[in-house]
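Student: Can you look at this prediction? I've put the sequence above it.
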Protein chains: 2
Amino acid sequence: MTSTTVPSQLEQFSIAITAGLNRLDLHKQTPIGLYEPASYLMNLGGKRMRPALVLAAYALFKDNFEAALPQALAVELFHNFTLAHDDIMDDAPYRRGKATIHTKWNLNTGILSGDLIMIKAYDELIKCPTNQLAEILKVFNQTAIDVCEGQQLDVDFETSNEVSIEDYLKMISLKTAALLDGSLKIGATRADASAAEIALIGDFGMNLGIAFQLQDDILDAYGDPKRFGKQVGGDIMANKKTYLLLTALQLANTEQLNALHELLNQSINPEEKVEKTLSVFNAIGVKEHALNAMNSYYKKAENALALVDVDEARKATLYSILNSLRVRDI
Amino acid sequence: MTSTTVPSQLEQFSIAITAGLNRLDLHKQTPIGLYEPASYLMNLGGKRMRPALVLAAYALFKDNFEAALPQALAVELFHNFTLAHDDIMDDAPYRRGKATIHTKWNLNTGILSGDLIMIKAYDELIKCPTNQLAEILKVFNQTAIDVCEGQQLDVDFETSNEVSIEDYLKMISLKTAALLDGSLKIGATRADASAAEIALIGDFGMNLGIAFQLQDDILDAYGDPKRFGKQVGGDIMANKKTYLLLTALQLANTEQLNALHELLNQSINPEEKVEKTLSVFNAIGVKEHALNAMNSYYKKAENALALVDVDEARKATLYSILNSLRVRDI
C-alpha cells in the first residue's frame, strides 16, 4: 500500500493549466518557422500565476474550475506574447535561463511568433458562453491596452528625469498589475459573479500586482543572491528608476542627493556602484519605506478579498497565492 | 446655384471610413510615444479597400451600412498592424512615400505601436450585437492566423529553392487574400446573411485577393513606371519568387533555365538584370501565363458574386471595386 495525498486546489490548477497548454499543440502546426518558436516560449515554464488567478477567481464562486481553463490559457498566452516582444525591446538574451526567441532565431521570428501567440490568446478567450463574451472581451481588451501603455511608460521613464513615485506606481499598475486584475475579473466573470464581486476581486489583483512589483524592486537590491535567481543589484547598475531609487531621490538631503547623482552619472566599477548606492539607500532608510509601501498594498489586497461575499473556505487558494508571493525572501 | 451630385455608394463608404478613423482619436491619447506613431500610420492614407469590402458585403443584404463601420475599422486597423510589423521585417524605409514607424521613431516603437493597433482592432470588432459576436470573432481570428502563417511562408520562401507555383498560391491566399475573404465574411455576417451567402462572398474575396496579388506581380515587372508608383523591376532585382519567376522556372528549356539561374546568382548591374530577365520571361511567354491566371481568378470572383442571391443592383459596388482593381494598367 502506498499513501496518497489529495492535490491542493492550486496543484489541481497547475495540472489543468499544463494539460491545457499541451493541448494547444503549437509544436505540431505549420509553418514550423512560426509555431516552433511560439511553442518553445510557451514551454519555458514559469509560475503560471496569471492562469492560476483566473481559475482561482472562478473557483471562488463555482466548483467546476475547468470551465474557465480556456480563459486561463488566454491570459498565459497573452503574457507570453508580451514577453516575446518585451525581450526584443529590452534586447534580453535570456528568459528563464534559456535563449530568448529573437536570440535563438531572429528578430523577425520574435515579432511574428509573438503576434501569433497574441491571436491565439483571443482564440482561447472566446471559448465561453455567448452571454459572457462581450464582457470578457471588454475586460481583456482594456487589460491589453493597459499593458501596452505601461510598457511605453516604462520606456519613456528610462530617458526622463522627472519621474515621480506617483508616475512609477501608475506605470507598474498598467504594466504589471493590470494583467493580474484582468485575469481575476475574467475568472469571476466566467463564474457569473456580480459586478460588485468582480470589482472587489479586481481590486485584490491590482493591489497584489503592485505589491508584487515593489517586492521585486526590493529583492533586486536586497535579495539573497542564492535565492533571488537574478543578479542582485542589476537595477542599480542599470540606473533603473525603481521605487527604491525614486524614494531615495525624494527623501535625500543635499549631500545624499549629490552622492546619488554622482553615482548615476559617473562610470565606475558596477560592484562599487551597487555598494555605494546601497549605502546611501540605507542612510535614507529606503528599504523600510519600500517595505511599508509593499505591505500596505498586500494589506489592501487582503482587505479586498475579505470583502468578497463567499465562504472563507473558498478564498483559501487566493490567500495562499498571496502568502506564497509575500514570503519571498527579502 | 451650384450643381450637386449624389455620392456613389463607394464614395459614401469612403466618407464614413475616414470619419470613423478620425473618431478613433488616436492622436489625442497618452502616452504619446505609443499613440502618436499609431495615429501617424493610420493617417498615411491608402485605398481603404478592406473596410470598403466590409461595408459593401453588408450593403449587399441591408441598407444601413454604417452599422458595420466598427468592423470595417477593425479590419483596417488589423491591416495597419500587419504593415507596422511587416515593414520592420522587410526593413522598409518608406510606406506610401513617408518614413515607416521604425524609421521615423525606432524598432521598439514599431513593435509596440503595432501591438496597440492590433488590440484596437479587436476593440472595434466587438462593437456588434451579442448574437453575432462569436461568429465574427471566429472569422477574424482565423483570418489573423492565416495572415501570420502567410507572412511566415513568404519569409521561408526567400531562402527555399523548392517553391512551387502551388506553394506560392497558398502563400498569397494566406498573406493577402485571406484578409479580403475575412473582411467580406465579417460584413455579410453583420448583415445576418445565411451561411451559404457568407461562403460565396468569402469566395469572391479569396479569388479577388489572389487575382490582385498576381496583378501586382505582373505590374512590378511590366507596369508603366509613371503609373505604377513603385520601382518597376523591384521584384526581379530582389530575386523575389513571384508568380512570374516561378512560372519561368517551371516552363524554361535547359538554355533558358541556365540563363535564369545565372541571373539569379550573379551580381550584375540591376537595370541589366531586369532587362535580361524580362527578355527570358518574354521568350517563355511568362506574362501571358500570368495574365491568364489572373483573369481566371477575377472570373472566379465574378462567378461567386453572381451566385449571391440578392438583386443585381445591390452588387454594383462590389463589381465596381473588382473592375477598378482589374483595370490597373498592365
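Tutor: Yes, it's here.
Student: got the residues of chain A near chain B?
Tutor: Taking CB under 8 Å from any CB of the partner chain as the contact definition, chain A meets chain B at A:30-31, A:33-34, A:85, A:88-89, A:107-108, A:111-112, A:115-116, A:118-120, A:122-123, A:126, A:130-131, A:133-134, A:137-138, A:141, A:144-145, A:148-149, A:151-153, A:155-156. (Glycine included, C-beta is placed from N, CA and C.)
Student: these two touch, right, residue A:325 and residue A:208?
Tutor: Yes. Counting by CB atoms under 8 Å, residue A:325 touches residue A:208, with 7.2 Å between them.
Student: Point me to the helix or strand that includes residue A:196.
Tutor: When elements are assigned from DSSP states H and E, residue A:196 belongs to helix A:195-222.
Student: So for that helix, what gets flagged as buried?
Tutor: A:197-222 (16 or more other CB atoms under 10 Å in any protein chain shown).
Student: and if you look at stretch A:298-314?
Tutor: Neighbour-count burial for stretch A:298-314 flags A:298, A:300, A:301, A:302, A:304, A:305, A:308, A:314 (criterion: 16+ other CB under 10 Å).
Student: Roughly how far does residue A:233 sit from residue B:60?
Tutor: 64 Å (CB to CB, to the nearest Å).
Student: which of these two has more neighbours?
Tutor: When neighbours are counted by other CB atoms under 10 Å in any protein chain shown, residue B:60 comes out ahead of the other of residue A:233 and residue B:60, with 24 against 20.
Student: OK, now which residue of the stretch 101-250 of chain A is nearest to chain B?
Tutor: Going by CB to the nearest CB, chain B is nearest to residue A:152 of the stretch 101-250 of chain A, at 3.9 Å.
Student: Low-confidence bits of the stretch 101-250 of chain A, can you list those?
Tutor: Scanning the stretch 101-250 of chain A for pLDDT under 70 picks out the ranges A:228-230.
Student: now the strands for the stretch 101-250 of chain A?
Tutor: For the stretch 101-250 of chain A, applying DSSP state E, counting those that start in this stretch gives no strands.
Student: who touches residue A:236 in this structure?
Tutor: Neighbouring residues of residue A:236 by CB atoms under 8 Å, 6 or more residues apart in numbering or on different chains: A:220, A:221, A:245, A:273, A:274, A:277, A:278.
Student: Spit out the contact partners of the third one.
Tutor: Residues counted as contacts of residue A:245 (CB under 8 Å, 6+ apart) are A:235, A:236, A:239, A:260.
Student: Any idea how many residues pack against the residue nearest to residue A:270 when sequence neighbours are not counted?
Tutor: Spatial nearest neighbour of residue A:270, excluding adjacent residues (CB to CB, 6 or more residues apart in numbering or on different chains): residue A:237 at 4.7 Å. Per other CB under 10 Å, the neighbour tally for residue A:237 reads 15.
Student: ok, residue A:237 - contacts?
Tutor: A:231, A:270, A:273, A:274.
Student: Look up how far residue A:268 lies from it.
Tutor: Applying CB to CB, the value for residue A:237 to residue A:268 is 10 Å.
Student: For the residue nearest to residue A:209 when sequence neighbours are not counted, grab the count of nearby residues.
Tutor: In space, and not counting its chain neighbours, residue A:209 is closest to residue A:177: 2.6 Å by CB to CB, 6+ apart. Residue A:177 has 24 neighbours, counted by other CB under 10 Å.
Student: Quick one: residues contacting residue A:177.
Tutor: A:205, A:206, A:207, A:208, A:209, A:210, A:212, A:213.
Student: distance of residue A:245 from residue A:78?
Tutor: Here the criterion is CB to CB. By it, residue A:245 lies 30 Å from residue A:78.
Student: repeat for residue A:46
Tutor: Noted for residue A:46: a distance of 13 Å to residue A:78, by CB to CB.
Student: Who has more neighbours out of the two?
Tutor: residue A:78 (26 against 15).
Student: Residue B:285: which of the contacts of residue A:245 is nearest?
Tutor: Distance to residue B:285 across the contacts of residue A:245 (CB to CB) is lowest for residue A:239, with 64.9 Å.
Student: That closest one: what's it in contact with?
Tutor: Each residue near residue A:239 by CB under 8 Å, 6+ apart is listed here: A:245, A:264.
Student: And it, how far from residue B:196?
Tutor: Using CB to CB, we find residue A:239 at a distance of 63 Å from residue B:196.
Student: Same check on residue A:101?
Tutor: Counting by CB to CB - residue A:101 and residue B:196 are separated by 42 Å.
Student: and what of residue A:257?
Tutor: Applying CB to CB to residue A:257 and residue B:196 gives a distance of 74 Å.
Student: do the same with residue A:159
Tutor: Taken as CB to CB, the span from residue A:159 to residue B:196 is 57 Å.
Student: rewinding a little: pick out the most distant pair among the contacts of residue A:245.
Tutor: Within the contacts of residue A:245, A:235 and A:260 form the most distant pair, 13.9 Å apart (CB to CB).
Student: Centroid-nearest residue for chain A?
Tutor: residue A:176 (4.7 Å; CA atoms, centre = their mean).
Student: I figured that residue hits residue A:151, correct?
Tutor: No. Between residue A:176 and residue A:151 there is no contact under CB under 8 Å: 10.1 Å.
Student: Run a quick neighbour tally on residue A:275.
Tutor: The local packing of residue A:275 (other CB under 10 Å) involves 12 other residues.
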